[in-house]
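In: Below is the structure, and that's it, no one-letter string:
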């Protein structure tokens, strides 16, 4: 019961759930269908344990930590655009972390500009210049789509603005 290892009885119970593709004494592999359902319902405000319970899982058998970790993994892979992909590798996780660091750097820089300008939001050219400075750094060179998304502009708008210079 949520202590890390499943009993034979718990394994049999989990195997009966249509949202389980495989299970052994240490782990549960959920179907891609359930992962997508989970993320959709979570994004609509439903709590992780409630989602699992509503889809036939005994949350006491799974345990809160297992549910919490699965939830975090699926939300992260959804954000990275690889939810349910068998190619979700450490490289993808590293790329996701890089993108989040770049996004953090961008938002921090824009907040500083806003404070400098007396809480006046920076103009699009300043935003695009900041994005360009960040993506000029080799580590963040692949982060343009995430940075544009973070500030609510399209890559096309970014390119148009940068081309003006």
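Out: That came in fine, so what should we check first? Since the model is a prediction, treat every value here as computed from it, not as a measurement.
In: For the longest helix along the chain, name the packing helices and strands.
Out: Scanning the chain for the longest helix, with DSSP state H as the assignment, gives helix 90-116. Judged by 3 or more Cβ pairs under 8 Å, 6 or more residues apart in numbering; DSSP states H and E, helix 90-116 is in contact with helix 64-79, helix 124-136, helix 144-151. Placement of C-beta: from N, CA and C, glycine included.
In: got the angle between the longest one and helix 90-116?
Out: What it means is helix 64-79. Relative orientation of helix 64-79 versus helix 90-116 (axes from the mean of the first three to the mean of the last three Cα atoms, to 10 degrees): 80 degrees.
In: center of this protein - which residue?
Out: Against the mean C-alpha coordinate of the chain, by Cα atoms, centre = their mean, the closest residue is residue 76 at 2.4 Å.
In: now the closest residue to that one other than its chain neighbours: how far from residue 75?
Out: Excluding the flanking residues, the one nearest residue 76 by Cβ to Cβ, 6 or more residues apart in numbering is residue 96, at 6.3 Å. From residue 96 over to residue 75 the distance is 11 Å, taken as Cβ to Cβ, to the nearest Å.
In: Using neighbour counts, pick out the buried residues of the worst-scoring helix or strand of the chain on mean pLDDT.
Out: Every helix and strand of the chain was ranked by mean pLDDT, DSSP states H and E. The lowest is helix 90-116, at a mean of 86. Of all the residues in helix 90-116, those buried under the rule 16 or more other Cβ atoms under 10 Å are 92, 95-96, 98-100, 102-103, 105-106, 109-110, 113.
In: Also stretch 50-66?
Out: 51-52, 55, 57, 59, 61-62, 66.
In: mind listing which of those are in helices?
Out: 51-52, 59, 61-62, 66.
In: could you dump those to CSV with pLDDT?
Out: Formatted as CSV, those follow (pLDDT from 0 to 100):
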residue, pLDDT
51, 97
52, 97
59, 95
61, 94
62, 95
66, 94
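In: so which of the helices and strands packed on helix 90-116 comes closest to residue 27?
Out: helix 64-79 (8.7 Å; Cβ to Cβ).
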